[in-house]
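Visitor: Compute the structure for the input listed below.
(3 chains)
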Amino acid sequence: MGSNMAEAHPVGFQWVMEAKARGARVVHIDPRFTRTSALADQHVTLRAGTDIAFLGGVINHILTNDLSFREYVQAYTNASCLVGERFEDTEDLDGLFSGYDPRTASYDASSWAYESVPVEERPGGRAKEQAAPYQHGSGGPPMEGGAQGIARDLSLEHPRCVYQVLKRHFSRYTPEMVERICGVPQDLFLDVCRAWTANSGRERTAALVYSVGWTQHTVGAQYIRAGSIIQLLLGNVGRPGGGVFALRGHASIQGSTDIPTLFNLLPGYLPMPDVTHESLAAYLDGVRRPGQKGFWGNADAYTISLLKEYWGENATEENDYCFDYMPRIDGDHGTYRTAMDMVDGKVFGYFLLGQNPAVGSAHGRLQRLGMANLDWLVVRDLTMIESATFWKDAPETETGEIVAQQCRTEVFFFPAASHVEKSGTFTQTQRMLQWRDQAVEPVGDQRSELWFFHQLGLRLRRRLAGSTDERDRPLLDLAWDYASEDGEPSAADVLRHINGIDLRTGRTVGGYTELKADGSTACGCWIYSGVYADEVNQARRRKSRFDTGPYDAEWGWTWPMNRRVLYNRASADPQGRPWSERKALVWWDAERGEWTGHDTPDFERTKPPDHVPPAGSSGPAALRGDDAFIMMSDGKGWLFAPAGLADGPLPTHYEPHESPVRNLLYGQQASPVRKVYGRPDNPSNPAPPEAHGEVFPYVFTAARLTEHHTAGGMSRQLPYLAELQPELFVEVSPELAAERGLTHLGRAHVITSRTAVEARVVVTDRMAPLHIDGRVVHQVWMPYHWGQVGLTTGDVVNDLIGVVADPNVFIQESKVLTCDIRPGGRPRGSDLVDYVEDYRRRAGITPWTGVRIVTAGGHDGPGHTEGDPWEGPS
Amino acid sequence: MSRENSFHGPLADPAADAGHLGHPPRMGFFTDTSVCIGCKACEVACKEWNNVPEDGIDLLGMSFDNTGMLGAGSWRHVAFVEQERPLGRQDAGLADLPTGPSRSEAAAETVSRALPVAGRGGGDLGTAPVHLGFPSFELPGAGTGAQGRTEFRWLMSSDVCKHCTHAGCLDVCPTGALFRTEFSTVVVQEDICNGCGYCVSGCPYGVIDRRPDDGRAWKCTLCYDRLRGSMEPACAQACPTDSIQFGPLDELRERAARRVAELHGAGVPEARLYGHDPGDGVGGDGAFFLLLDEPEVYGLPPDPVVPTRDLATMWRYAGLAAAALLTAATAVFLEAGR
Amino acid sequence: MPPAEFRSYYGRPVLKPPVWEWRVPAYFFTGGLSAGAALLAAGADLTGRPALCRVCRLGGLGALLASTYLLIADLGRPERFHHMLRVAKPSSPMSVGTWILVAYSPGHGLAATAELLPAALRATLPGRLLRAAGRPAGLAAAALAPALASYTAVLLSQTAAPAWHDVRKELPFVFTGSAAASGGGLGMLLAPVAEAGPARRLGAAGAAAELVASRLIERRPGLVTTAYTTGRAHRLRQASKLLTLGGAAAALTVARRSRPAAAVAGLALLAGSVLQRFGVFEAGVASTRDPAYVVVPQRERLAAAEGERSGR
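Guide: Residues are numbered from 1 along each chain as shown, chains lettered A, B, ... in the order given. Predicted structure coming up:
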């Protein structure tokens, strides 16, 4: 669901095909019939942006018909926990949860807490500015006193227990409602429900796969929560053949969140310090509350080891391990905020490393206008991508908005070495690190990123040598001493430092449990600790599954601790026995007094299943023998998230920011906490209850093709790939083609309030219209790989998309919007600007369109615009 | 049992027939199109390994196929077929949607109509349809669901040179550039080929072709160089779903028979093998297929025959005609002599 | 456009349309012409028709040189023509044909060279030897000429192109007939009426054979015939038919008396032969461009085989 696995992850899809060959039923739920659908047993067409309604329907089906895996749910989820009395559900508040502040469009989550857990009130506006919830990452949010026991009702009957709250919350997500919202006929929907539930339980498991089709929404995080709830209810987490698979966007994107390129995270999902953290202790208290149980309880060891890795001997207990050297965030520094700040003249320099925002980011136009307003821009890429050439050939040069002679940005292009020209690791979608050796020497001036940054560090430090300015200390004190191989810093040595080193012996540590909070260990990323255990590059292992068993234990290395299935303690029952022989993964070996099995047990090895921690314990020691979810602050899988999310403890169906229809479930139309940027250069198409939605009557969604790579920098330049998908096209159903007079292989243009793009028309049965609450809704799909350079060129599809984001992780809503489509080419030159302006006029679009985000209960909330947009429509 | 004929009919050991002694087993491909995901990795891997040039950056409008066909510049070709019919028990999820009639045929028609004026009648790789669509016609029942399409399937299939037991290309090659390898595959020697073009017309599958800029004939070599180095062909290695399987032909034939039985058992009665039968017109293919529809739907001939099968007849009739000519030429003078 | 219902892959050709262009049918014509001329020359030589002998030897040589050029120029790598001589392959009519041509050319070349010998050299020893060798050389060429005239039919039939392969029995007669007609035409065009009797008769006989065999092709049942009876191939062959028919009729009538008439008739036969070759060539090309010619007959064949199996 939300994944075109066969096309976007063809190599991984081989396992789906293998499972199918062994009798697994494959269901593909997606707005269009893709190469994945072609190989699935069942395809379900749904309206883009309505997955929570669908998943909520499945949850309701499970709960109404009592189809959950009861013992699992009781033992390993928080179903029995009682929610506090102050909590009010969306059912009570017309689509809002308790704690909503319309002024900041954010929640104070304190009323969502468990009954017995004291929580102070915490207005959410600030958290929303920093994507704070995401900072809790895999750890779950801090929860004070979690170890002291939470009020529970194991019978799951108490009206305020999570199970009952869940039941009430989703009670109106009926098959009829799913049909009306998603356009999925009831029979088809029930087929999916039956297949899912019939293939779950003690003897069987079902896996759920998603990709960016789920994440790139204003409610993306809640999509995944909804899927996780189903998997928890059905006992499909921590068990073989189960799970929620997040297929990442491309090679090593998993790696770039583990060791992040994100503004608000440090390696291993430690949060980036913010301006309120005046000391290391204050920071650590923000990560884990005193007394909290679970492995986040050791965040001090992880953080101090990281600081020791950064600043080496200069980091001492006396100077708080150089914690003050860490930059602090004070707001949203995400990519879209930054692009707007560039437009507004607040940013002077920009590094682009293997990224092509002129094509690959939502609202490419905003990106380009931002980049055209810098002092300098560094682009490191394999070829001259659009983000390096925008100043002379952007679409805005056609319209006259960027003039090459006047563009002030100085662009520095550095040719980059490709993945075969350097050694290093990829961290793949399954958290597996795989080492690759250098195959060929880079040509000419091409250099690896590692070389570039190592050199940049060396040269900056040389420039600053002797400086007495306090602000230069962090750079001058860095431990910048990697071993070198043929003049290049050794990637293997970097991986060794990431693994962590016992500073007393100088040898690598065996895993994160060996990390210390006393400064005696250094570790670049605690979750990767163990990848260089025993001084061996474990990521370089290549022992086939035919030699090591089905879990490929010696093929690469998977974090954490080479565990292939997270939370696999849940594959055994509370007493430590496999739920069934068929589905045995790890179990308690009473004789030897340890956990054992086919995978590395995700549990303290010798803690017996019946262990009850003594009162007053904290951290890992506070985990019971049946607390399978060892990272969570209560040891349980969360059906209901009492904290940690900006947009509610439970997934709720909200319409996308741009939608052709009114929310049928609540007065609240779209996510009440989505991040909007009301600016003249970031217009939104109107959505109900706003008027003039009919100007953009169709649902638009964009995605990738197998044949191209994201923004095309690595594929449009290659003849063998360019010829396979040689031209930008737009897929429409036969019905929409008839409605708009579009012809197969003819030309058409797609229009939003941002711009219009031109493409060849592909009329295909793979697209189908839907009945949405009594009217026919058409969907339009485009691949987004094209730009103005390369062997095949075309309009930038991402220019159609405006910027509006999820409040948890700041991801843009690029998988669903509204549009119009017309036959023939788009206007050229400055006529295009007038043409789009005309559409905006007809749709009555102003900076206030789409930003009055509270619509529940007849509210007329404030518009969330930026500063002083222009005074009314022109 | 009659003597095995080198020109047609079943032939147990083509390599031996070609004079190889103590050769390895016959190697080939079994392409199981029922698991092809249309990723085209085979096309790219083949081009990378064999240095096959790019051959046209044109949108063809043939579903996701922008390669068009096999040829000198494409030794693997993934066909994409969109059809208004079900695939086994697959549920395309169209029932009860407000659909109108299918346009799969109409889209194919758009391409088909443009071909006669295209290069070599569309016989050139990557021939772009020159006629950009025609006005859409009325769609009765659109939006009512009354006459709506409810079935759909999307077939994908990676085509390749068949490495026939009796290879038309090899038979007609006048220079010996085409030869039968010790693996019983058929390979062009690029240093010998003089571009006479005969093989192009000799192939009953339309596989081999001449490169206009280079003048020589090219086709899949079944990665002869890799085979000699004990590696599997690039396409098979790149195929993520094992749709392309490489191995000794005997093994592949057994595997294929099992797979067909399996699919029949799973409610896919349309699964059938193509090119596996040593009794067919080319003596069986070294590269054979599991298809889900008639071969012609994928652009394959339903009953190919190696032209050489009829060679004896041809020479016989040519001999008769020659004799007649000689007789006539003599007669015209004899008459004159009288 | 074939009417039959059939399925295909977006109407794309199943077979590769030939890469051969005009040079190949032109070669068929010149090769046939040379063969026909060689036969006439040999007969004329033996029966004392020096003028006929001379024009046929020289005309045949011209045709032979043209053939050689066409054959080589049509290659993708003409500089590698000699690779044809690496092997002798019975399964490749092109290889067989190359060797026929190799065997045929010296004889015809020698005979023609003898005709070209300037008067001053005739009396010299080499000149006398050459003239003496002229007859056996011409006879040797004539002996091979029927093979040269007919192998090209096999060359076309030994392909997967349905319109060529399916007419494998008729095509040799079309081609040898056409060769005879063109040879006769040449003789009528260039030789005096008095000596051209055999040329007229050979032309007429060849034309008759060609027309009959051609008619047989057109009457063949099945879709493939359509490739001959429609389109460009049809137009070329219709014109060929008229010219050949006219040429032959004239050969037997007016050409016996009038030199201009004989020349016109000869030209008509020559032109008819050219058009016939191009017509046949076009039919084959057309049958590869339209997948119907491949799919429909093969389907019918499968259905028939199926019927036979179930009938037993």
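Visitor: Per-residue confidence, residue 144, what does it come out as?
Guide: In the absence of a named chain, chain A is used. Note on residue A:144: pLDDT of 53.
Visitor: my bad, chain B
Guide: What the model reports for residue B:144 is a pLDDT of 43.
Visitor: Quick check: nearest residue in space to the most centrally placed residue in chain A, chain neighbours excluded?
Guide: Centrality entry for chain A: nearest residue to the mean C-alpha point is residue A:215, 5.4 Å, by CA atoms, centre = their mean. In this structure, residue A:215 finds its nearest non-sequential neighbour in residue A:811, 5.7 Å apart by CB to CB, 6 or more residues apart in numbering or on different chains. Quick note: C-beta positions are derived from backbone N, CA and C, even for glycine.
Visitor: Point me to the residue of the stretch 151-300 of chain B nearest chain C.
Guide: residue B:195 (2.0 Å; CB to the nearest CB).
Visitor: Could I get the contacting residues of that residue?
Guide: B:210, B:215, B:216, B:217, C:75, C:76, C:77, C:80 (CB atoms under 8 Å, 6 or more residues apart in numbering or on different chains).
Visitor: follow-up on the earlier one: phi, psi for the residue nearest to the centre of chain A please.
Guide: When read as degrees, to the nearest 10, the backbone of residue A:215 gives phi -80, psi -30.
Visitor: Could you give the number of residues near residue A:484?
Guide: Residues near residue A:484, counting by other CB atoms under 10 Å in any protein chain shown, number 12.
Visitor: what about it, distance to residue B:270?
Guide: Residue A:484 is 61 Å from residue B:270, where distance means CB to CB, to the nearest Å.
Visitor: that older thread, so what's the residue count around the residue nearest to residue A:215?
Guide: When neighbours are defined as other CB under 10 Å, residue A:811 has 23 of them.
Visitor: Could you pull up the residues touching it?
Guide: Here residue A:811 is in contact with A:215, A:216, A:217, A:220, A:805 (CB under 8 Å, 6+ apart).
Visitor: can you give me the helices in chain C?
Guide: C:23-46, C:50-73, C:93-116, C:119-122, C:125-157, C:162-165, C:171-190, C:197-219, C:226-229, C:231-252, C:259-289, C:292-311 (DSSP state H).
Visitor: correction: the stretch 51-200 of chain B
Guide: B:104-114, B:168-172, B:198-202 (DSSP state H, counting those that start in this stretch).
Visitor: For the longest one, which residues meet the burial criterion?
Guide: Within helix B:104-114, the residues scored as buried using 16 or more other CB atoms under 10 Å in any protein chain shown are B:104, B:106, B:107, B:108, B:110, B:111, B:112, B:114.
Visitor: Next, format these as JSON lines and append pLDDT and distance to residue A:299.
Guide: Converted to JSON lines, those look like this (pLDDT from 0 to 100; distance: CB to CB, whole Å):
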{"residue": "B:104", "pLDDT": "92", "distance to residue A:299": "57"}
{"residue": "B:106", "pLDDT": "91", "distance to residue A:299": "62"}
{"residue": "B:107", "pLDDT": "90", "distance to residue A:299": "58"}
{"residue": "B:108", "pLDDT": "90", "distance to residue A:299": "61"}
{"residue": "B:110", "pLDDT": "89", "distance to residue A:299": "62"}
{"residue": "B:111", "pLDDT": "89", "distance to residue A:299": "61"}
{"residue": "B:112", "pLDDT": "89", "distance to residue A:299": "65"}
{"residue": "B:114", "pLDDT": "86", "distance to residue A:299": "65"}
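Visitor: Looking at these, which one is closest to chain C?
Guide: Nearest member of the buried residues of helix B:104-114 to chain C, counting by CB to the nearest CB, is residue B:112, at 2.8 Å.
Visitor: ok, back up a step: could you list which of the buried residues of helix B:104-114 also contact chain C?
Guide: By CB under 8 Å from any CB of the partner chain, the members of the buried residues of helix B:104-114 lying near chain C are B:108, B:111, B:112.
Visitor: between those residues, which is closest to chain A?
Guide: The nearest one, if we look at these relative to chain A and count by CB to the nearest CB, is residue B:111, at 7.8 Å.
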